[in-house]
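Asks: Got a predicted structure plus its sequence, pasted below:
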Amino acid sequence: MLEPKEIEARLEQILLKVERPGRYVGGEINSVIKDWNENQAKVALVFPDIYDIGISNVGLKILYDQINQREDALAERAYAPWPDMEARLRERGIPLYSLESKHALRSFDLIGFSLPYETLYTNTLNILDLAGIPVRSSERGESDPIIIAGGHAATNPEPMHAFIDAFVIGEGEEVIHEIINVILTMRGSRKSAPEEHSAGGARFRPRKGAGRYAQSARATQPAPNSIRNDILKALAKIPGVYVPKYYKVHYMDDGTVARVESLMDGIANPVLKRIVAQLPPPPTRFIVPNIEVVHNRVSVEIMRGCTRGCRFCQAGMITRPVRERSVDEIVEAAEAAIRATGFEELALISLSSSNFSYVVELVNKVSERFKGRKLTISLPSLRIESVSIDLMDKLREHYSGGFTLAPEAATERMRRIINKFIPDEDIINTTREIYRRGWTTIKLYFMIGHPSETLEDVQAIADLCKRVISEGRKVAGMKVKLHAGVSTFVPKPQTPFQWVSVDTRESILAKQKLLKHELKDRNIKLSWTEPEDTLLEAWLTRGDRRMAEVIYSAWKNGTKFDAWNEHRKIQAWLEAFAQQGLDPAFYTHRPRRADEVFPWDHISAAVRKNFLFQDFRQSLEGKIRVDCRLNCFACGILPTFANVRRENPGETWKCPEVKSPAHNKQIPVINHQLPMAGD
Amino acid sequence: MRLRITFSKTGALRYIGHLDLNTIWERAARRAELPLAYTQGFHPQPKMKFASALPLGFSSRCEMVDVWINEDVDLSSLSTPLQNMMPAGIGILSIQSVDERAPALQTQIRSAEYEVVVTEAMDKVHLKQKIEEVMASAFLPRQRRGKSYDLRPLIEKLELTAKDQIHMRLSAREGATGRPEEVLSVLEIPIEQVSIERIGLIFQN
């Protein structure tokens, strides 16, 4: 394997030939470089998109801190090289390396991928290949790192089951330590184990043409009693860790899942997500990039989870329960982070700022604390109401951008269906007031493709936008601007809409055509999602294990950076489906039986399938459900985590308190009864 | 108060361009809690002016920046905190106070000196001969970004040192800036085979 010195020497030869070489050299303020020694567990944290995007990821930052705080472990970082750099790396035989110590990724014990969205899958395969690590789990040997992944996309890990050794389901702050402990305990003998692959740098061969490692060239399945297998077995027993190879999927004749069988005793089925009872102190020593990146800012998470219950929103379903931080903790963390980084922006992040119990107090304190300091403060995800304008007014000194609101739908019928009920008049009154107080640009987010949507519902989006702007003109003149961001709905796993089909390409195009035709006002800017991107996301998020081969073929066909417009290669994906003999419509356009077993049913976010189905039924009847802080709808979180809640009474959780003593240590975790159509 | 800071730029920072260097300085100054002065207007920016942009890939031991601050500070107590807040690769060499009304560094710069280390084996005799040819020539027509220009008047000095390094002094006046890589190209030395360091900035007076 190439030593860091050799990697650095080879990099010198290529860095001036690539765009923005600062992406590939590390050396940032607050990055942590520890001495590399025999005794630590070495973890490479990878965000599989370019540096410019990955550097700001808060999830990885939390893990980076958690790991580097340990004396017996170190964490370093890597990102996806842009194609110009990838070509040079392959040409010079430089394996992908960590930015801190320039060690080849292959010399780490553990590689952790962050997968917040599905369009990072092909990049993940490409990064493994660039690191000289077999892309398929089954082909990895004793000397290869253990590959783990987590993030919202792991809500349905099945499409990536063939490439990731172990998934973390849910929140990583605690479980990462348990994983590292397993590595430290079990790898002792792994180090002395002989390398069963060719030794040294010969391991990484530059790619010639499109010829990546052939599957057949690596018949290196570890022996059943290998240390690698021992580690994976131990990982599989950690609550919240899913090791796909110890589960077998049985299918029905129609191609849907019949059941998922555990192949080993002592492993969970379903695998229940992990949560932390209290949010640990937020990270403050953010890494300060030496180059301009997408988000140059400090982010402080003010609250995790959401109680609003929007039916399309996966994050709102899978990050329950709501846990809040105290105002003081947030303000002090923001102050410490600004001092430690010198950043010019502070973002106070959550799924719904307006729902933070002390949002007014928070804004008062933050604006007071940072008065007169040149700092932009953003508070995204505000409700459409006058209170939000008052909040933004207080941050005015610190805010230069527009005002963003997300009505999501424009007819009463549709708002009832998606459970985000905001009357037109509230939208008009709020936006008019925003313009009146001097903001010239408002951004409104909508979605098309909601269940049972018609062209009339789409027309209503255009009508509402026009009304917003004409009301705005009455109070603020012709300078008012509106940006309508209209994305397309994807029915995500573990949501009430998981039974729903994706809108067809033709129907999406017709709806977008209508919007483009209607919204020609020069002060209205319309943006939308290409139907191809929506379909790709839908295939990947709804896929079963067979989708893994489609991903593999698509990567072989040259797809990567699927989240980037300029890299969109829908044809390569369609060919990949054809090569695997699978019909993409099976995943996205098939009516679902009420009792269908979904590929992700053995992964649990602790929200019961019954609850989701009831909520889906209510949606069909146009029934809305209020914020569950006002009325608990028994989604499943409380019975599942009753003990945790009991041990953490009071205000931090927004679920009702559990006061009764535990009758039975064995908590009936998940009600896995299948809902029936007449339920 | 107007501070004039001389600093070095080496290591990973060689791969950071000039605009990004600006931001690095702003953030380091904020981390060190320097009372930065800001420009007026809708988008206030810290008042900071560099002498001369250093091309990507070069190291330097003589970069200069003027930084305006709102309060007078003790210069001797400034260097350590500022150095501690810099990313690896920037070394604070000196901090002076200059007259607020002094002309901008950028308008005063005349020439820049560079030292080039050739990392691959080279034919010294041939190189010496090429250098002599260049210095003896009256006219060195070059093309850059589709425009032709004469490189020769921009070369003030060019020699091979006792340590086998190429030493050059090039014009750095506004609108008449000599580029070391252009000189190397005339000398037929591939850019991948050298490391270039800026070793001196020469100002008017």
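Replies: Received, thanks. Bear in mind that the values here come from a model prediction, so they are computed numbers and not experimental data.

Asks: how about the strands of chain B, start to end?
Replies: B:2-9, B:48-50, B:59-68, B:90-98, B:109-118, B:141-144, B:147-150, B:155-160, B:166-173, B:176-177, B:194-203 (DSSP state E).

Asks: so which of the ones you listed gets nearest A:K466?
Replies: Of all those, strand B:48-50 sits nearest to A:K466, with 45.9 Å by Cβ to Cβ. C-beta coordinates here come from the backbone N, C-alpha and C atoms, glycine included.

Asks: Could you pull up phi and psi at the residue nearest the centre of chain A?
Replies: Central residue of chain A (Cα atoms, centre = their mean): A:P116, 1.8 Å from the mean position. A:P116 adopts backbone torsions of phi -70, psi -30, taken as degrees, to the nearest 10.

Asks: what's the nearest residue to the residue nearest the centre of chain B if we skip its chain neighbours?
Replies: What sits nearest the mean C-alpha location of chain B, by Cα atoms, centre = their mean, is B:L54, with 4.3 Å. Among residues not flanking B:L54 along the chain, B:S60 sits closest, at 5.3 Å (Cβ to Cβ, 6 or more residues apart in numbering or on different chains).

Asks: Could you check how far A:L99 is from A:A44?
Replies: Distance of A:L99 to A:A44, computed by Cβ to Cβ, to the nearest Å: 10 Å.

Asks: Am I right that the residue nearest to the centre of chain A is in contact with A:T155?
Replies: No: judged on Cβ atoms under 8 Å, A:P116 makes no contact with A:T155 at a distance of 10.6 Å.

Asks: Go through stretch A:521-532 and flag the buried ones.
Replies: A:I524, A:L526, A:W528, A:T529, A:E530, A:P531, A:E532 (16 or more other Cβ atoms under 10 Å in any protein chain shown).

Asks: Give me the contacts around that stretch.
Replies: Outside stretch A:521-532, the residues within contact range by Cβ atoms under 8 Å, 6 or more residues apart in numbering or on different chains are A:465-466, A:469, A:478, A:480-488, A:505, A:508-509, A:512, A:515-516, A:519, A:565, A:568, A:570.

Asks: Show me those that map onto helices.
Replies: Among those, the members found in helices (DSSP state H) are A:C465, A:K466, A:I469, A:R505, A:I508, A:L509, A:Q512, A:L515, A:K516, A:I570.

Asks: Burial check on the second one, number of neighbours?
Replies: This means A:K466. 15 (other Cβ atoms under 10 Å in any protein chain shown).

Asks: just the first one next, same as before
Replies: Look at A:C465: counted by other Cβ under 10 Å, it has 25 neighbours.

Asks: Skipping adjacent residues, who's closest to it in space?
Replies: In this structure, A:C465 finds its nearest non-sequential neighbour in A:A484, 5.0 Å apart by Cβ to Cβ, 6+ apart.

Asks: okay, that neighbour: pLDDT?
Replies: Note for A:A484: predicted pLDDT of 97.

Asks: beta partners for it?
Replies: Taking DSSP bridges as the rule, A:A484 bridges to A:L444, A:L526.

Asks: Test my guess that it contacts A:K466.
Replies: No: taking contacts as Cβ under 8 Å, A:A484 lies outside contact range of A:K466: 10.0 Å.

Asks: which residues do the two both contact?
Replies: Joint contacts of A:A484 and A:K466 (Cβ under 8 Å, 6+ apart) are A:L519, A:I524.

Asks: And for residue 80, the neighbour number?
Replies: Let's take chain A. The number of residues packed near A:A80 is 26, by other Cβ under 10 Å.

Asks: Please refer instead to chain B.
Replies: 11.

Asks: and the gap between it and chain A?
Replies: Distance of B:T80 to chain A, given as Cβ to the nearest Cβ, to the nearest Å: 16 Å.

Asks: Check that residue and give its pLDDT.
Replies: B:T80 carries a pLDDT value of 95.

Asks: do the same with the one 10 residues further on
Replies: At B:I90, the predicted lDDT confidence score is 97.

Asks: what residues does chain A put near chain B?
Replies: With Cβ under 8 Å from any Cβ of the partner chain as the criterion, chain A meets chain B at residues A:13, A:15-16, A:21-22, A:24-29, A:288, A:290-292, A:296, A:339-344, A:374, A:400.

Asks: and residue 119, what is it in contact with?
Replies: No chain was given, so I picked chain A. Taking Cβ under 8 Å, 6+ apart, we find A:T119 in contact with A:D533, A:L536, A:E537, A:L540, A:D562, A:A563.

Asks: Wait, chain B was what I had in mind.
Replies: Taking Cβ under 8 Å, 6+ apart, we find B:T119 in contact with B:Q193, B:V194, B:S195.

Asks: how about a markdown table for the residues you listed, with distance to A:M303 and neighbour count added?
Replies: Putting these into a markdown table (distance: Cβ to Cβ, whole Å; neighbours: other Cβ atoms under 10 Å in any protein chain shown) gives the following:
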| residue | distance to A:M303 | neighbour count |
| --- | --- | --- |
| B:Q193 | 56 | 15 |
| B:V194 | 54 | 20 |
| B:S195 | 51 | 15 |
